[in-house]
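> Everything below, folded, please.
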Amino acid sequence: MSALVAAVVILACGGGDDSRGRGTVAGNVSDLDGNPVRGGLIFANGDRAKSTRTNSTGAYLLLNVREGNSRVSAEITKNGVTYYGENVIAVFANEASKSLNITVGRADQLAKLTGTVRNRFSDPVEGARVFANSGDLSSSMAVTDKNGRYTINALHPNRPYTIQASALGFDSDTDSFTLGIRQERRQDFVLSNPRDVGFNPPNDLSAVAWTSPKEVTRSPQAARTHEAIKQMLDPRRAERAKTRRPMVTALGNWIEVDLYWTPIVNDSLLGYGIYRGVEAQGQTRGIEFLRDPLAGFFADQDQDLREGRAYFYEITALNVLYPDTFNSESDFSNRFGVRPIGDMTVRSVSKNPLRFNWNVASGAERYVVYVYDRLPDFGVSPLWPVTQAEFDAATTTGTSLTYTGPTLGAGTHYYFVVALDSRDGNDAVSVSPVISFTAN
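Predicted coordinates for the structure are as follows:
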């Protein structure tokens, strides 16, 4: 049985009980503006006694979560206001569940969606999944009980949602609407007979491999700076919630490969098969069944990813009859290869003239220096470079660069970061720590 088929079979079986084993859940918590939530309380299935906290980048690792469908909650109180969010994930024993991101909003404003999922004979459909997506690349999800009932508790008001009910062996039912503050809406779905649709695969698959430091600076405020820098270098990252990245490089830093494609809009779509290989023309193997028909993004956070090694990705589209018919899985998409590059480390800044220095990083083709007049953050643009001419001046193939930007104020604190890439379609990027310096 293939890895994809095994995942589909397990998901089709619904939830589990405490006797079936335990797994771990990893992910990231952000607010409605995409900022990481630090110090948030994370717990599963209402059990606050077995909780954890998000770290300085909003990441969390929750251990000993029971196998099956689990509801993971995030909660934090700031200035007397409680913020809350939740999501549902299928947990597998002895495996780390990937990419469970949670967005929190004011607990006193959250909206709720309830209803039933039935077949065309009005029979309840147990184990159906209801997805709610408001433009993010990750959906909120609920699973129906034996009576076909579902509840999504923590939806955010005044955001347009696409809602889709989906189950193996049925075509999906889709609707869209915007919820008001504290609105409780009932939305029932009727799933029709499945169509054995033969999908064309997405053929715009692309990927970026990121290598980034596990710590930004010693300042707590700097914890979110690297996500802002990554969004500047790759604007597509602004369209999704951040995810936890395993530490795998020689210096214990993070490698993650982000996959992007244009979602297929069709009620017969079940999800996507994610495949990875190590040869440009060789065979790939299934590494994940992405059970989200509204998705256009996947983060490969496998702890076996290593710098300097080439990885090649393909995806397939799966229809609601997978794996039972010839048409149920599409051909492979285009194959996209990346090679994660090494850690980016910097040396002391030279003065008179101001010169930035760093060490050679494995696989690097060019380096770009960015200078900020305040700590990099969401909405903070570099002081230099700004124009194309300045960008050219800030780019080098060497390991040092003399500053030629606007005049800096003597005694004023500034920040710089060095980004390097492979220049091969900008498909591999490494980012240095953010370093502060004082201008002469």
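> Helices along the protein, start to end?
With DSSP state H, the ranges of helices along the chain come out as 3-12, 225-233, 388-393.
> Averaged pLDDT, the shortest one. What do you get?
In this model, helix 388-393 has a mean pLDDT of 93.
> need the least confident one among the helices of the chain, by mean pLDDT.
helix 225-233 (a mean of 58).
> which regions of the stretch 251-400 of the chain sit below the pLDDT cut-off?
251-254, 377-379 (pLDDT under 70).
> same thing but at 50, please
For the stretch 251-400 of the chain, the stretches with pLDDT under 50 are 251.
> Please, where are all the strands along it?
254-260, 269-277, 285-290, 297-300, 311-319, 336-338, 355-357, 366-372, 395-396, 400-402 (DSSP state E, counting those that start in this stretch).
> Identify the residues contacting the last one?
I take that to be strand 400-402. Ser350, Pro353, Leu354, Arg355, Phe356, Asn357, Trp358, Tyr367, Val369, Ala394 (Cβ atoms under 8 Å, 6 or more residues apart in numbering). C-beta: built from backbone N, CA, C; applies to glycine.
> List only buried entries from those residues.
Leu354, Phe356, Trp358, Tyr367, Val369, Ala394 (16 or more other Cβ atoms under 10 Å).
> Widest-spaced pair of those residues?
Leu354 and Tyr367 (16.2 Å; Cβ to Cβ).
> So Ile264 sits against Ala317, correct?
Yes: Ile264 lies in contact with Ala317 (Cβ atoms under 8 Å); the separation is 5.5 Å.
> And the two? Which one has more around it.
Counted by other Cβ atoms under 10 Å, Ile264 and Ala317 do not tie: Ala317 has more neighbours, with 27 against 19.
> Please check which residues sit opposite that one as beta-bridge partners.
Tyr272 (DSSP bridges).
> so it sits right up against Val197, yeah?
No: contact criterion Cβ under 8 Å: Ala317 and Val197 do not qualify, at 9.1 Å.
> Could you dump the buried ones among the contacts of strand 400-402 into CSV with distance to Pro201 added?
CSV is the format used below for these (distance: Cβ to Cβ, whole Å):
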residue, distance to Pro201
Leu354, 50
Phe356, 44
Trp358, 41
Tyr367, 36
Val369, 40
Ala394, 39
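> Looking at the residues you listed, which one is closest to Gly148?
Closest to Gly148, out of all of the buried ones among the contacts of strand 400-402 and judged by Cβ to Cβ, is Tyr367, at 56.7 Å.
> circling back: residues bridging contact with Ala317 and Val197, i.e. touching both?
Shared contacts of Ala317 and Val197, counting by Cβ under 8 Å, 6+ apart, come down to Leu269.
> domain assignment for the chain?
1-108, 110-193, 206-338, 355-438 (automatic domain parsing).
> nearest to Val346, of these?
domain 355-438 (4.4 Å).
> Distance across that closest one, terminal residue to terminal residue?
12 Å (Cα to Cα, to the nearest Å).
> cool, and stretch 71-84?
First-to-last residue span, stretch 71-84, Cα to Cα: 13 Å.
> Could you list the residues in contact with that stretch?
25, 27, 29, 31, 37, 39-46, 54, 60, 62, 65, 85-89, 100, 102, 104-108, 110, 154.
> can you do 6 Å?
Applying Cβ atoms under 6 Å, 6 or more residues apart in numbering, the contact partners of stretch 71-84 are 25, 29, 37, 40-45, 85-88, 102, 104, 107, 154.
> Any idea what the residue nearest to Ser206 when sequence neighbours are not counted is bridged to?
Of all residues not flanking Ser206 in the chain, Tyr260 sits nearest, at 5.2 Å (Cβ to Cβ, 6 or more residues apart in numbering). Residues in a beta bridge with Tyr260, per DSSP bridges, are Ser206, Phe297.
> count of neighbours near Tyr260?
20.
> One more: Ala207?
Neighbour tally, Ala207, other Cβ under 10 Å: 20.
> Name all residues that make contact with it.
Val257, Leu259, Tyr313, Phe336, Val338.
> do that again at 10 Å, thanks
Counting by Cβ atoms under 10 Å, 6 or more residues apart in numbering, Ala207 makes contact with 257-261, 298, 300, 311-313, 336-338, 425, 427-428.
> Please pick the buried ones from those.
Here, 16+ other Cβ under 10 Å leaves 257-261, 298, 300, 311-313, 336-338, 427-428 buried among the contacts of Ala207.
> Report the contact partners of Asn87.
25, 27, 70-74, 100-103, 132, 138-142, 152, 154 are the contacts of Asn87 under Cβ under 10 Å, 6+ apart.
> If we use 6 Å, what do you get?
Val72, Leu100, Ile102, Ser140 are the contacts of Asn87 under Cβ under 6 Å, 6+ apart.
> Least confident of those residues?
Leu100 (81).
> Tell me if I'm right that it and Ile89 touch.
Yes: using Cβ atoms under 6 Å, Leu100 makes contact with Ile89 at a distance of 4.6 Å.
> Looking only at neighbour counts, state which of those two leads.
In this view Leu100 and Ile89 are compared by other Cβ under 10 Å, and Leu100 has more residues nearby, 25 against 22.
> what's near enough to touch that one?
So Leu100 contacts Val25, Gly27, Asn87, Ile89 (Cβ under 6 Å, 6+ apart).
> Now the residue lying farthest from the centre of the chain: closest residue in space that isn't a chain neighbour?
For the chain, the C-alpha farthest from the mean C-alpha position belongs to Asn352; by Cα atoms, centre = their mean, that distance is 42.7 Å. Distances taken as Cβ to Cβ, 6+ apart place Asn440 nearest to Asn352, at 6.3 Å, with adjacent residues excluded.
> How confident was the prediction at the one you found?
87.
> how about the contacts of strand 400-402, which pair is most distant?
Of all the pairs that the contacts of strand 400-402 form, the one spanning the most space (Cβ to Cβ) is Pro353 and Tyr367, at 18.0 Å.
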